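Visitor: Any chance you could fold what I've pasted below:
(one chain, ligands or ions: 1)
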Amino acid sequence: MKLNRKTFLQKLGLLSIPLIAGFPRKTSAEKVPADPNLSSRILTNTVIILGGGLSGLYAGYLLKKKGVRVRIVEASPRLGGRVMTYNDPIRGITGDIGGEWVGDSQSTIHSLAKELQLKIVRPSWNQIISLWDENRLSEKSRSSLNKLVAFQSKSPDNVAEGLDKVSLYRYLKYQGFSDGELDDLDKVVKAFYGESSKNISSQFLLSSIESKKSLFQNLGRFENGAESLVTKLKEFFTPEEILLSEKAIKVSQSSAGVQVELASGLVVRSKKVICTLPTSAIADIQWEPGLPREKIFSLLRIGYGRIRKDIISAVSPPLSPQEGNGIVDWVIPSGKSFITTLSTEGRASSLDRSTPEIGRDLLLRSISGYQPSIVETINITRVGFGSNAVSLFSPSTFGIRSELATPHNQIYFAGEHLGEVPGTMEAALSSASKAVSSM
Ligand SMILES: Cc1cc2nc3c(=O)[nH]c(=O)nc-3n(C[C@H](O)[C@H](O)[C@H](O)COP(=O)(O)OP(=O)(O)OC[C@H]3O[C@@H](n4cnc5c(N)ncnc54)[C@H](O)[C@@H]3O)c2cc1C
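Guide: Residues are numbered from 1 along each chain as shown. Below you'll find the model as predicted:
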């Protein structure tokens with residue numbers, strides 16, 4: 001069914017949601033006392049959602065469809081988290097600097113796009129960045145990779161755990177892949193995970209390649225940028241349901257309910273919470289009672305790949321993706337008069353640390369092959385995410401996702417790192433859907 005905000009709210013009879021009773025503001029979060037009358041102040045039909053990225057917004061959207069009120073707590077001044085679209089109508093630029101590509105078989109994001117009347121379109125270039133550009137592999141390597149992918153999908157847990165102990169790069173080298181083939185593969189892996197296949201579990205990457213829901217397949221992107229999904233979802237909430245620039249610092253639970261303390265001193269309470277934060281942010285929160293030791297170890301074992309995208313206005317840009325040089329890993333055309341450069345690992349960090357002038361210089365030098373047609377680099381203020389792009393499962397991380405997804409009493413977990421194929425917007429949405437249905 002096609003929905004817009006008005007019909008959605010009318011359907012729920014929620015066009016005028018009453019303001020949720022005011023919460024006391026305190027000057028210092030540390031000074032917020034434990035509330036002796038907690039049970040009388042719990043908002044029973046409200047779920048607090050930590051994080052206003054895609055996962056938090058989608059969890060809120062699903063809950064509201066069920067008639068449940070929500071309070072989304074977001075630390076940054078904007079919604080969307082790692083999804084952000086740069087728009088400049090004058091120069092004709094609509095470019096994603098965060099999540100962008102959507103796999104053909106990523107069912108949650110495709111059906112949500114349809115429901116919200118958003119279009120996912122094919123890139124103008126026909127060539128898909130894909131591991132399955134089989135022409136680049138020798139016949140022997142191609143057949144060996146296909147066998148490995150099939151093998152891992154049927155492996156019992158003990159075999160999968162073994163495969164997880166080694167990186168894909170080392171495993172394929174052992175299988176006889178040439179250095180050139182390994183480097184080609186590494187470039188694709190870096191584009192999606194912001195990290196070399198030398199540092200990612202072979203079991204994780206082989207299962208990702210095997211999964212139809214991964215990005216290793218035909219891709220499309222949102223016609224008006226991925227942030228158009230954030231903008232649409234935002235319309236389903238009242239202003240009172242969204243707390244921006246409010247960082248959760250402490251979560252306490254008792255039999256009466258859950259109390260979330262925010263850095264501003266504000267306190268919000270409910271019966272249940274969905275936490276969609278990235279793992280490092282979860283570890284920074286003070287939990288009472290504390291998180292189980294196994295969950296803490298699992299949180300600490302997830303790393304994050306680094307990807308930074310820059311947008312460069314260009315005349316006659318290339319028509320298909322090109323490998324970059326220097327600080328740039330890939331140059332991706334838009335079909336319009338701009339390109340997006342992709343820098344990963346230490347190169348992403350160097351750009352993050354550079355002044356805009358030095359960054360511009362580094363970028364232009366790195367794509368000097370296209371320089372005659374370059375117009376200018378665009379200085380973008382990144383709010384709500386750094387270059388920690390996607391969760392990373394290094395060798396010996398087998399099984400930690402189920403540990404992390406287990407609820408902590410009345411706290412349910414979601415977020416990109418918990419989806420079927422971590423590292424994607426699809427995973428952010430599907431994990432939210434799972435958390436909501438398990439409540
Ligand atoms: C450069 C880049 C390229 C990418 N490319 C793709 C792609 O092509 N395709 C794809 O599918 N995916 C891609 N991704 C990944 C995708 O964007 C993410 O998987 C997805 O957006 C994650 O959503 P999330 O809601 O799980 O997390 P987030 O978007 O990180 O949301 C979590 C939110 O929690 C907030 N927060 C943190 N701490 C606190 C706190 N203490 N209290 C309150 N709020 C807090 C954060 O500010 C953030 O808004 C890319 C990501 C990046 C950065």
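Visitor: What helix or strand is R365 located in?
Guide: Per DSSP states H and E: R365 is located in helix 356-366.
Visitor: how distant is stretch 154-172 from the center of its chain?
Guide: In terms of C-alpha atoms, centre = their mean, to the nearest Å, the centre of stretch 154-172 is set 25 Å apart from its chain centre.
Visitor: Alpha carbons of that stretch, as PDB, please.
Guide: Extracted C-alpha coordinates of stretch 154-172, given in PDB (Å, rounded to 0.1, in the frame of the first residue of the first chain):
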ATOM      1  CA  LYS A 154      26.600 -25.700   3.500                       C
ATOM      2  CA  SER A 155      29.200 -25.900   6.200                       C
ATOM      3  CA  PRO A 156      28.200 -26.900   9.700                       C
ATOM      4  CA  ASP A 157      29.100 -24.400  12.400                       C
ATOM      5  CA  ASN A 158      32.400 -26.100  13.300                       C
ATOM      6  CA  VAL A 159      33.700 -25.900   9.700                       C
ATOM      7  CA  ALA A 160      32.400 -22.300   9.400                       C
ATOM      8  CA  GLU A 161      34.200 -21.400  12.600                       C
ATOM      9  CA  GLY A 162      37.400 -22.800  11.100                       C
ATOM     10  CA  LEU A 163      37.000 -20.700   8.000                       C
ATOM     11  CA  ASP A 164      36.400 -17.700  10.200                       C
ATOM     12  CA  LYS A 165      39.800 -18.000  11.700                       C
ATOM     13  CA  VAL A 166      41.600 -16.900   8.600                       C
ATOM     14  CA  SER A 167      41.300 -13.800   6.400                       C
ATOM     15  CA  LEU A 168      39.900 -14.200   2.800                       C
ATOM     16  CA  TYR A 169      43.100 -12.900   1.300                       C
ATOM     17  CA  ARG A 170      45.200 -15.500   3.000                       C
ATOM     18  CA  TYR A 171      42.800 -18.200   2.300                       C
ATOM     19  CA  LEU A 172      42.600 -17.500  -1.400                       C
END
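Visitor: that older thread, what residues does the helix holding R365 touch?
Guide: 310, 312, 324-328, 341, 350-351, 354, 371, 374, 377, 379 (C-beta atoms under 8 Å, 6 or more residues apart in numbering). C-beta here means a position set from N, CA and C on the backbone, and glycine is covered the same way.
Visitor: Show residues contacting the following helix or strand past that helix.
Guide: Using DSSP H and E, the helix or strand that follows helix 356-366 in sequence is strand 374-377. For strand 374-377, the external contacting residues (C-beta under 8 Å, 6+ apart) are D310, I311, I312, S313, A314, V315, S337, G359, R360, L363, L364, I367.
Visitor: One more: stretch 402-415?
Guide: Contact with stretch 402-415 is made by 51, 53, 55-56, 59, 251, 253, 257-258, 271-279, 282, 287, 289, 291-292, 294-295, 298-299, 302, 417-418, 428, 431-432, 434-436, 438-439, as judged by C-beta under 8 Å, 6+ apart.
Visitor: Cool, thanks, talk later.
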